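Colleague: what follows is a predicted structure for the sequence shown.
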Amino acid sequence: MTWWIHRGLRRALVPRGLNSSSPLLRPPAASSPYFSSLQSRSQENAAPESGIGGSTSSKTASFRSSLNPTEVAKFAAIAETWWDSQGPFKPLHLMNPTRVSFIRSTLCRHFRKDPFSVRPFEGLKIIDVGCGGGILSEPLARMGATVTGIDAVEKNIKIADIHAALDPLTSSIEYHCTTAEEVVKENKKFDAVISLEVIEHVADPADFCKSLAALTVPKGATIISTINRSMRSYATAIIAAEYLLNWLPKGTHQWSRFLTPEELVLILERAGVSVQEMAGFVYNPLTGDWTLSDDTSVNFIAFGTKRNE
Amino acid sequence: MFSSGPWLPDYIVDRLGGVLLPPSAVYSWLFLKIAANKLLVHVTPGHNIGLHTATSTPTSASRCTTSSIEVSPTKMWNLSRISFNNVQKSTRHSYAIPLTIFSLQNDSCFMRGFYTLNSQESGGLILPELLRNKSLLSPDCATAAKVMGHDSRVHFKVCEKNYSVTANSEPFDVAIIGGGMVGLALASALSSTPFTKHLNVAIVDPNPALGGSSYYIKNEIPGSRVSTVTPATISFLRDIGAWEHVKHQRHAFFDQMQVWDYTGLGYTRYCSRDVGKEYLGCVVENKVLCNSLLLSLQEKDFKKTIIPAKLTSMTVSSRSSSSGVSSGQSNTLDKSRTNNSEETAEPMHLQSLVRLELSDGQHIYSKLVVGADGAKSRVREMAGIKTTGWDYSQSGLICTVEHTGENHCAWQRFLPSGPIALLPIGDNFSNIVWTMSSNEANRHKLMSEDDFVKAVNYALDCGYGPHPQSNFLDNYIGRLPWGSGTTSIKESFQAPPKVIDVVSERMAFPLSLMHALEYSSSQFVLIGDAAHAVHPLAGQGVNLGFGDASTLTKVISEGISMGTDFADLALLKRYEKERKAANIPWMAILDGFQKAYSIDFGPINLLRAAALHGAQYIAPLKRNIVSYAMGEWNWPRFT
């Protein structure tokens, strides 16, 4: 157990992309076409550019935006297909009920709401950071929460707005094309801050976590989900999902950007959020559904509470 | 006692049971079939009438607009009688007094309908329980049947008034098209599950019997249409609160079953004690099941609306391609709603709903449309879902017969033309389901009752072949140490009870196999016979339908608990996957049985006989067969 923590510490303390000490943690084939793109991105990280879109152009060079332009561009290209459950976002649609069940049970427990009621989140203000087309925001709104969804890609917000207007239960969701840092500057606070499958696309995860924590009220909830950085996740999320099964377009994820659970816990601790629960998602290829489990080696989700200041 | 013309709706005859109403110039009679025991009669101001019932003394209601009277149902037909007489002498010879009838039940007040008390007509009014909605405010009308007495005949006339078209009615969450057993079971199940009981459900069925209900009396002759419910279905009905009501009406548990064929080469006897249970199943009349389900619905605080109309068309707005795609749907649905610029702009939130046009001119909106309207489903047709299947060139003849002594066993004998089954229904009655070719079925339907009784006895007992015997090999296999005792191995073949009389009408239905290729497409889902129709030889048809209703409720409830849109295609496909896995093996088995038993050829006969012997004497096989047929074992099992 301590060996894992020690390894994670090293990862977290050293700036991303420049860690070359442990051969175990590098992708195995140094000659793979992937490696060169890793190298090039590490150089990008050293000098982060400000993101595309008007919302970030006002930033000064000293303020590091959490956006990465190439990542943003990747999502802008397939924005129309968000709500096609057989399209490029099919794995997200398949996984969504499982993520929502974890969020529902942890938030109900934390805020002392009745888990058997149809709308348990009545009166809660939730922000979905990196909401995309609103795949998570809509179930949360149906469960009674007041949801705000933010995303960096303008197209996504447009699609999300249109889709949410179709159902009177979800038409109350507010969507904005902005970033977490901007919302922090507006001094808005939320009971629960949820950011699923975003942190692996972000330039600086530590800063991103600080922004998320700043958005949370004291004793509020922060939920982050991402993919683990392990051998198994390389085989599953990169090779199998992107190359063999074609679930995701090639290049969606970079293995080096994945965070291990220990690292995530650490950066959240530094930001003032203490992680209470963590769970993994496991895919059963025979039945085709996802289940929650203790196995965090590929996809995992963490629930933390903001410390009282 | 009374004659009914060809245009007489059946439900009125059923409810009346033969009532003769005397003409009267002074009194008008109002017969009401109600479940409540208190009636409020509101008279339009300006008229004074007196009210009295059969049991109470006349009370004059001068100068008051509302009189309330206590009515108690009379014995046989649950009818109550109120008579009106004009207390104040009127100079006019004729009067027309409009009345509104309310009934009180628990603490709710229901508007039952309108009645115009008219001095020109004599006789009384029979008001079937048609309820548009529970509001005291909406001036909807009911269909009333007027009875006029002449001599000893009673003529019926049905008068319909125009309904007011309700535009912009509140959209429904689920619209169940078809209020038969499976449709009502779905509504009842939705009302009992915590996550779905807040849903707004509409049941669209033109059958006016859905307007209200009370228990069917046990003295009546059992109807011909019965169903066998398996223990799995019984526990489902218990969960939704309908089994309570079935218990108060006629039903018959049976714990034994005997299957043999005409060649006399083999038989098999099943007993519920083989698997440690008390009964194999229960035989209940269809109308009793519908009734019980309706009562369980009415008891609950559930937003349901029963719409007595037929569905004429459906339109779905075509969403942008970013939503789930379902091919083959565009051919039959009208997609012009969003494209038609001449139409007034529909509110955004109604665009994603299905618009249903009904036969009475009104339209309703619904998020999810459930087709529970039987084998010739209109919903399935309109949704463009294709089916596969074939007609068996057979018809099923059903009727109720009486026999000496009680019957607690289900008997089935396979004859060259098809199986004949005798199912106990209570007291000394049993139900016959006899499958044979369509011409034969017609002949049997039309032949005299004595001939029919003889034919039935011949088919059940002595005709076509001898009684099966067990030989030494069977006894040897039966005595092998199979494990937990199968009591029925020791029982020898028994002859079925002798039928003495046919007591109900004989009905014949053509049989076919039908399976919808998909059970769901975006915003539509099929349950019950609309999705699959099977041969009645194992009595499984309605049980598969109840399984569909139970699974759909479970899937919708899980969807709502996770905040998903319950009309989402992915969710409905989960229901489809689960039900296909359960229904298709059954359909294959039943079809296999039907084909296996329709061949009369020596070696095939011996094969079948060997299979029967195996099923009788090999205990583990027998246990598995009994468990599967009782619905307590799902196969194939993947989870």
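Modeller: Cool, the structure landed. None of these values were measured; they are calculated from a predicted model. Residues are numbered from 1 along each chain as shown, chains lettered A, B, ... in the order given.
Colleague: buried ones in stretch A:231-247?
Modeller: Buried positions in stretch A:231-247, judged by neighbour count with 16 or more other Cβ atoms under 10 Å in any protein chain shown: A:233-234, A:236-238, A:240-242, A:247. Just so you know, the C-beta spots here come from the backbone N, C-alpha and C atoms, and that holds for glycine as well.
Colleague: so who does the nearest residue to residue B:256 once chain neighbours are set aside touch?
Modeller: Distances taken as Cβ to Cβ, 6 or more residues apart in numbering or on different chains place residue B:409 nearest to residue B:256, at 4.0 Å, with adjacent residues excluded. Listed by Cβ atoms under 8 Å, 6 or more residues apart in numbering or on different chains, the contact set of residue B:409 reads B:254-258, B:424, B:494, B:496.
Colleague: which SSE is the residue in the stretch 101-250 of chain A that chain B sits nearest to in?
Modeller: Distances between the stretch 101-250 of chain A and chain B by Cβ to the nearest Cβ are smallest at residue A:139, namely 2.8 Å. Applying DSSP states H and E as the criterion places residue A:139 in helix A:137-142.
Colleague: ditto for residue B:365
Modeller: strand B:363-371.
Colleague: what's across from the closest residue to residue B:378 other than its chain neighbours in the sheet?
Modeller: Distance criterion Cβ to Cβ, 6+ apart; nearest residue to residue B:378, sequence neighbours excluded, is residue B:311 at 5.7 Å. Note on residue B:311: beta-bridge partners by DSSP bridges are residue B:358.
Colleague: OK, contacts around residue B:311?
Modeller: Per Cβ under 8 Å, 6+ apart, neighbours of residue B:311: B:177, B:204, B:356-359, B:373, B:378-379.
Colleague: ok, it to residue B:371 distance?
Modeller: Residue B:311 sits 9 Å away from residue B:371, going by Cβ to Cβ, to the nearest Å.
Colleague: so what's in contact with those two at the same time?
Modeller: B:177, B:378-379.
Colleague: in helices, which of those appear?
Modeller: B:378-379 (DSSP state H).
Colleague: how many neighbours does residue B:620 have?
Modeller: Here the number of neighbours of residue B:620 (other Cβ atoms under 10 Å in any protein chain shown) works out to 11.
Colleague: just confirm it is within a helix.
Modeller: Yes: judged by DSSP: H, G, I helix; E, B strand; the rest coil, residue B:620 forms part of a helix.
Colleague: what residues of the helix or strand hosting residue A:103 count as buried?
Modeller: Here residue A:103 is covered by helix A:90-110, with elements defined by DSSP H and E. Of the residues in helix A:90-110, A:91-108, A:110 count as buried by neighbour count, 16+ other Cβ under 10 Å.
Colleague: close to chain B, is that helix?
Modeller: Yes: Helix A:90-110 lies within reach of chain B by Cβ under 8 Å from any Cβ of the partner chain, at A:93, A:96-97, A:100-101, A:104.
Colleague: now do the helix or strand that that helix is followed by, average pLDDT.
Modeller: In the C-terminal direction, the helix or strand that comes right after helix A:90-110 (DSSP H and E) is strand A:125-129. Mean per-residue pLDDT for strand A:125-129: 95.
Colleague: which one of the shared contacts of residue B:311 and residue B:371 is nearest to residue A:154?
Modeller: Ranked by distance to residue A:154 (Cβ to Cβ), the shared contacts of residue B:311 and residue B:371 are led by residue B:379 at 40.8 Å.
Colleague: appreciated, that's everything.
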